[in-house]
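J.: got a structure for you, letters missing:
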């Protein structure tokens with residue numbers, strides 16, 4: 001990837017335009033605007049300029065519009081000038097879409113947000129983010145192998161697997177500290193967790209890089225893409241970063257999504273560590289989104305979107321650095337990534353709901369099941385980690401113990417429930433392949449079980465548990 005062409009300084013362009021020409025240019029101000037894209041000079045110079053304008057004049061008019069909306073943040077570039085950002089119309093539209101997509105969990109199915117099942121989905125998201133975030137930083141493995149390691153708990157076999165395990169454990173830690181304020185100590189802790197056992201310099205975890213550790217971002221040919229600030233400045237810069245992350249600065253409102261994105265950029269720009277800066281920056285982004293009450297981010301992985309086009313991720317950094325510290329480029333890119341991740345979540349939820357509705361339709365048409373069994377399996381489809389007992393089934397449907405027992409044992413015989421024990425209580429759980437088993441059941445034509453709802457109740461000692469009833 002090449003470094004984008006840097007435009008001439010804005011003041012230099014203005015100084016070369018004669019006053020009489022400047023008046024003419026202002027008359028074409030609206031025609032020169034690019035409403036579809038926030039173009040960098042490197043892109044703009046390759047497009048046809050509007051009629052009557054040179055590329056530099058076109059750039060000048062765009063910059064006049066942008067300069068008026070830019071606002072500085074406490075992050076300073078190496079030359080001492082502040083980074084700044086604006087709110088062009090495309091970004092406002094993106095923020096609105098993100099707010100709508102993450103505003104509440106009312107449209108998520110019960111099987112996702114219910115306390116008994118939500119952890120399953122969160123763990124899946126954490127695994128996805130840990131794997132793809134590490135792959136962005138060079139981890140070499142397949143998702144299947146990485147998930148097998150995380151699910152089984154086996155030790156990592158190489159550096160790539162260790163990176164993924166570290167990222168997974170770090171993401172879990174972020175869930176625990178989401179309510180805490182960001183401090184340098186917390187940043188160091190997250191960095192230690194991300195990099196433990198993966199650094200060439202074993203003592204580099206959880207500390208600032210040193211002056212003699214010349215850290216630069218380079219490509220395989222040695223071209224320098226980023227030369228971060230001096231090591232002696234890092235302590236003060238991190239203190240400012242934490243104040244920004246905690247909402248103490250600046251003195252104007254910053255949309256929470258923009259604040260999280262800027263925190264991501266801030267750590268990546270300062271590059272305070274010998275390695276693991278990218279993974280730590282994305283970890284801080286997650287902390288910020290969750291800290292600012294975007295709770296649905298528990299179910300979202302951004303790195304899987306970034307991994308599809310890593311060069312665009314890097315280019316967004318470079319565009320901001322090479323155009324008067326204008327962070328709007330990076331914010332627009334990251335907002336688009338977040339939109340993609342939110343869309344992926346909704347598509348996933350939609351597919352789950354479609355599959356659930358189809359399974360429920362199959363269930364309603366399945367032969368051999370009475371209405372009580374159908375009701376239980378409908379509930380099981382929506383809460384796949386649910387557990388059922390004979391007594392609970394009896395009470396739910398107002399039938400005698402023997403009827404409830406027969407219902408559940410019949411479902412076990414069909415493979416639609418799995419029988420087990422919790423202490424002295426017999427429980428019935430949902431098999432992982434319930435959907436496919438229901439589809440096979442729909443192909444079988446059987447008479448329904450004889451409904452025994454009117455069977456006279458058997459008398460058991462009052463208050464007794466299931467161990468006092470006839471054995472199954």
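T.: Arrived safely. Note that the coordinates shown come from a computational prediction; the quantities given were computed from them, not determined experimentally.
J.: so what are the domain limits for the chain?
T.: Following automatic domain parsing, one gets these domains for the chain: 10-67, 84-350, 366-468.
J.: mean pLDDT and mean neighbour count added to the ones you listed, as TSV?
T.: Any C-beta I mention is one placed from the backbone N, CA and C, and that applies to glycine too. Shown next, in TSV, are the domains of the chain (pLDDT from 0 to 100; neighbours: other C-beta atoms under 10 Å):
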stretch	mean pLDDT	mean neighbour count
domain 10-67	88	14
domain 84-350	90	18
domain 366-468	77	15
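J.: okay, these in CSV with distance to residue 356 next?
T.: CSV is the format used below for the domains of the chain (distance: least, C-beta to C-beta, whole Å):
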stretch, distance to residue 356
domain 10-67, 39
domain 84-350, 7
domain 366-468, 5
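J.: from residue 58, how far off is the closest residue to residue 47 other than its chain neighbours?
T.: Leaving aside its chain neighbours, residue 47 sits nearest to residue 39 (7.4 Å; criterion: C-beta to C-beta, 6 or more residues apart in numbering). Noted for residue 39: a distance of 9 Å to residue 58, by C-beta to C-beta, to the nearest Å.
J.: please apply the same query to residue 437.
T.: Taken as C-beta to C-beta, the span from residue 437 to residue 58 is 64 Å.
J.: now swap in residue 210 and tell me
T.: 46 Å.
J.: likewise for residue 177?
T.: Residue 177 is 48 Å from residue 58, by C-beta to C-beta.
J.: what residues does stretch 298-308 touch?
T.: Stretch 298-308 has contacts (C-beta atoms under 8 Å, 6 or more residues apart in numbering) with 108, 112, 118, 121-122, 125, 128-129, 132-133, 135-136, 175, 282, 285, 290, 313, 337-338, 340-342, 344-345.
J.: quick one: which of these sit in helices?
T.: Within the contacts of stretch 298-308, residues falling in helices by DSSP state H are 112, 118, 121-122, 125, 128-129, 132-133, 135-136, 175, 282, 285, 290, 313, 337-338, 340-342, 344-345.
J.: so who does residue 129 touch?
T.: 167, 171, 286, 301, 302, 303, 304.
J.: out of the residues you listed, the closest to residue 143 would be?
T.: Nearest to residue 143 out of the contacts of residue 129 is residue 304 (C-beta to C-beta; 9.5 Å).
J.: doesn't the closest one belong to a helix?
T.: Yes. Assessed by DSSP: H, G, I helix; E, B strand; the rest coil, residue 304 belongs to a helix.
J.: got the end-to-end distance for stretch 294-309?
T.: 25 Å (C-alpha to C-alpha, to the nearest Å).
J.: still on that earlier bit, ok, which of the domains of the chain comes nearest residue 358?
T.: Nearest of the domains of the chain (C-beta to C-beta): domain 366-468, 8.3 Å.
J.: off-centre distance for the closest one?
T.: 38 Å (C-alpha atoms, centre = their mean, to the nearest Å).
J.: do the same with stretch 171-189
T.: Worked out by C-alpha atoms, centre = their mean, stretch 171-189 lies 17 Å from the chain centre.
J.: then stretch 15-33?
T.: 44 Å.
J.: tell me which residues are up against it.
T.: 50, 52, 53, 57, 58, 60, 61, 62, 64, 65.
J.: can we see that at 7 Å?
T.: For stretch 15-33, the external contacting residues (C-beta atoms under 7 Å, 6 or more residues apart in numbering) are 50, 52, 53, 57, 58, 60, 61, 62, 65.
J.: pick the one among those closest to residue 9.
T.: For these, the minimum distance to residue 9 (C-beta to C-beta) is 11.5 Å, reached by residue 60.
J.: which elements pack onto the helix or strand hosting residue 358?
T.: Taking DSSP states H and E as the criterion, residue 358 maps to helix 328-365. In this structure, helix 328-365 makes packing contacts with helix 89-102, helix 256-270, helix 303-306, helix 310-322, helix 371-382, helix 434-442, judged by 3 or more C-beta pairs under 7 Å, 6 or more residues apart in numbering; DSSP states H and E.
J.: so it versus helix 118-136, what angle?
T.: Interaxial angle, helix 328-365 versus helix 118-136 (axes from the mean of the first three to the mean of the last three C-alpha atoms, to 10 degrees): 140 degrees.
J.: and helix 328-365 with helix 310-322, angle?
T.: Using the same axes, to 10 degrees: helix 328-365 against helix 310-322 is 150 degrees.
J.: from the chain's centroid, how far away is helix 328-365?
T.: 13 Å.
J.: got it, and stretch 45-62?
T.: 38 Å.
J.: got it, and stretch 142-158?
T.: With C-alpha atoms, centre = their mean as the basis, stretch 142-158 stands 21 Å off its chain's centre.
J.: end-to-end on it?
T.: 13 Å.
J.: and the contacts of that stretch?
T.: Contacts to stretch 142-158, defined as C-beta under 7 Å, 6+ apart, come from residues 127, 131, 161, 162, 164, 165, 168.
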